[in-house]
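A.B. asks: need the 3D shape of this:
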Amino acid sequence: MKRGINTRCLHLEDEEIKNYGAISFPIYQTATYAHPGVGQSTGYDYSRLQNPTREQLEKVVAGLEGGKDALALSSGMAAISLLMETFNPGDHFIVETDLYGGTIRLFDNVSAKNGYEFTQLKCSEDDIEGAIRDNTKAIYLETPTNPMMNIADITKISEIAKKHNLVLIVDNTFLSPYFQNPLDLGADVVVHSGTKFLGGHNDTLAGFVVSNNEEIIEKLRFMAMTTGSGLSPFDSWLILRGIKTLGLRMEQSQSNALKMAEWLTKQDIVTKVYYPGLPNHKGHDIIKRQARGFGSMITFDLQTEEQALEILERVRLIKFAESLGGVETLLTYPVTQTHADVPEELRQKNGITSRTLRLSMGVEDIEDLLGELESIFSAISGRE
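C.D. replies: Numbers count the residues shown, from 1 in each chain. Prediction:
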């Protein structure tokens, strides 16, 4: 019988007692390995190829996502960059229009330079099949999207991908494998910024690519060896440690998000709240069907830009910072931070304005978080 996900955050299915019985998996801080003789190996040759600490982390993440293999890379963007290196000039991609700004920057400034072609669609609504060309090779999704929280139907899109022999890639950063497993829904590849919920403590960078497709895995392994983008032993250990509490953190931060989202809907200065856990969200029924939770990311719009800026200046317990998925609650301003390099026309089309804020809910006591925002909102409303 398959073990529960919280158990799998701590233990591999085929775990053996080794490393002198150490409960915390050791950090193998070595660049190279001695060989018993010519043509003989301990299983490790050089840490650019593989390292025991990184390998343990990869096995844990592959197990959580239900994949045959996972690669741990130096950042989320390194993971996406490595994946894109497995394609060829002239290949066409259908990509979600509302993506993390760094992904859009990569596609616009690196992938396009390398001869890749892109069609941007709102994958939760637009006609994906109608955009497929003879040279289309892959569909790239985020669900929920960053930051507008659009929900795409992974199973439905995977059927289109399989019909046309396309690779379906899903960025699962926002929900983590604790709440959603795209491979089980028909995706071919899952990517993560491990910096976020998997690490969970805002103390290191990491990225992952996970797949069940052996041909894709073989290409990724070759590219990782060639480009040298593998995660370091110490950072691998930090992510291993973070994953141990993944379930506990996801449950607490989601609980906070549900309460925060409901509170925000009742505030006069808030014009719209984007959170898939709210019953009136367009993707509510889809995410209930394909995921085990709604996550802890909330986006909301204020009445004015001035209100948004004042909130950012006044928060103290909540930190005005880029990133997400840690134990601390963070408030982000997409137009100057995560999506600053996205063309303004595209930002406007996606609904990202100077009035838009994004919350990553942490694990603090919700009363303290609500208390801070209530005080700030009351001060702002009192001057209106």
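A.B. asks: so where do the helices sit in the stretch 201-350 of the chain?
C.D. replies: Taking DSSP state H, counting those that start in this stretch to define them, one finds helices in the stretch 201-350 of the chain at 214-227, 233-243, 246-264, 284-290, 305-314, 344-350.
A.B. asks: right, and those helices - which one's nearest residue 160?
C.D. replies: Distances from residue 160 to each of these were compared using C-beta to C-beta; the shortest belongs to helix 284-290, at 15.4 Å. C-betas here are computed from N, CA, C, even on glycine.
A.B. asks: pLDDT on stretch 4-16, on average?
C.D. replies: Summarised as a single mean, pLDDT over stretch 4-16 is 88.
A.B. asks: ditto for stretch 108-124
C.D. replies: Confidence over stretch 108-124, taken as the mean pLDDT, stands at 97.
A.B. asks: what residues does stretch 247-265 touch?
C.D. replies: For stretch 247-265, the surrounding residues in contact (C-beta atoms under 8 Å, 6 or more residues apart in numbering) are 5-6, 9, 176, 178-179, 197, 200, 270, 273, 275, 277-278, 293-298, 300, 327, 329, 359, 361-364, 366, 369-370, 373.
A.B. asks: end to end, how far does stretch 30-44 reach?
C.D. replies: Start to finish, the residues bounding stretch 30-44 are 11 Å apart (C-alpha to C-alpha, to the nearest Å).
A.B. asks: in it, which residues are buried?
C.D. replies: Judged by neighbour count using 16 or more other C-beta atoms under 10 Å, the buried positions of stretch 30-44 are 33, 44.
A.B. asks: residues in contact with it?
C.D. replies: The contact list for stretch 30-44, computed with C-beta under 8 Å, 6+ apart, reads 45-47, 50-52, 233.
A.B. asks: ok, now with 6 Å
C.D. replies: Among residues not part of stretch 30-44, those counted as contacts by C-beta atoms under 6 Å, 6 or more residues apart in numbering are 45-47, 50.
A.B. asks: still on that earlier bit, how about the helices of the stretch 201-350 of the chain in TSV, adding distance to residue 81, mean pLDDT and mean neighbour count?
C.D. replies: Output for the helices of the stretch 201-350 of the chain, formatted as TSV (distance: least, C-beta to C-beta, whole Å; pLDDT from 0 to 100; neighbours: other C-beta atoms under 10 Å):
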stretch	distance to residue 81	mean pLDDT	mean neighbour count
helix 214-227	8	97	16
helix 233-243	17	98	22
helix 246-264	25	98	20
helix 284-290	27	98	17
helix 305-314	31	98	16
helix 344-350	21	94	15
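A.B. asks: out of the ones you listed, which is closest to residue 23?
C.D. replies: Comparing these against residue 23 with C-beta to C-beta, the closest turns out to be helix 233-243 (11.3 Å).
A.B. asks: can you check what angle separates the closest one from helix 246-264?
C.D. replies: Here helix 233-243 runs at an angle of 60 degrees relative to helix 246-264 (axes from the mean of the first three to the mean of the last three C-alpha atoms, to 10 degrees).
A.B. asks: helices or strands up against helix 233-243?
C.D. replies: Other elements packing on helix 233-243 under the criterion 3 or more C-beta pairs under 6 Å, 6 or more residues apart in numbering; DSSP states H and E are helix 52-65.
A.B. asks: dump the C-alpha coordinates for the helix or strand following the helix it packs on into CSV.
C.D. replies: Beyond helix 52-65 on the C-terminal side, the first helix or strand identified by DSSP states H and E is strand 69-73. Listed in CSV are the C-alpha atoms of strand 69-73, where the atom choice follows Å, rounded to 0.1, in the frame of the first residue of the first chain:
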residue,chain,number,x,y,z
ASP,A,69,12.9,10.6,-11.8
ALA,A,70,13.5,14.2,-10.7
LEU,A,71,16.4,16.6,-11.3
ALA,A,72,17.4,19.1,-8.6
LEU,A,73,18.7,22.3,-10.1
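A.B. asks: C-terminal to strand 69-73, what's the next element?
C.D. replies: The helix or strand immediately downstream of strand 69-73 is helix 76-84, counting by DSSP H and E.
A.B. asks: what are the pairing partners of whichever helix or strand comes after that next one, and which direction each?
C.D. replies: The element immediately downstream of helix 76-84 (helix or strand, assigned by DSSP H and E) is strand 92-96. Strand 92-96 has its sheet partners listed here by DSSP bridges as strand 117-121 (parallel), strand 136-142 (parallel).
A.B. asks: before we move on, the earlier item: pull out the buried residues from the contacts of stretch 247-265.
C.D. replies: By neighbour count, with 16+ other C-beta under 10 Å, these hold 5, 9, 176, 178-179, 197, 200, 270, 273, 275, 277-278, 293-298, 300, 329, 359, 361-364, 366, 369, 373 as buried.
A.B. asks: who wins for proximity to residue 337 among the helices of the stretch 201-350 of the chain?
C.D. replies: Taking C-beta to C-beta as the measure, those were each checked against residue 337, and helix 305-314 came out nearest at 10.1 Å.
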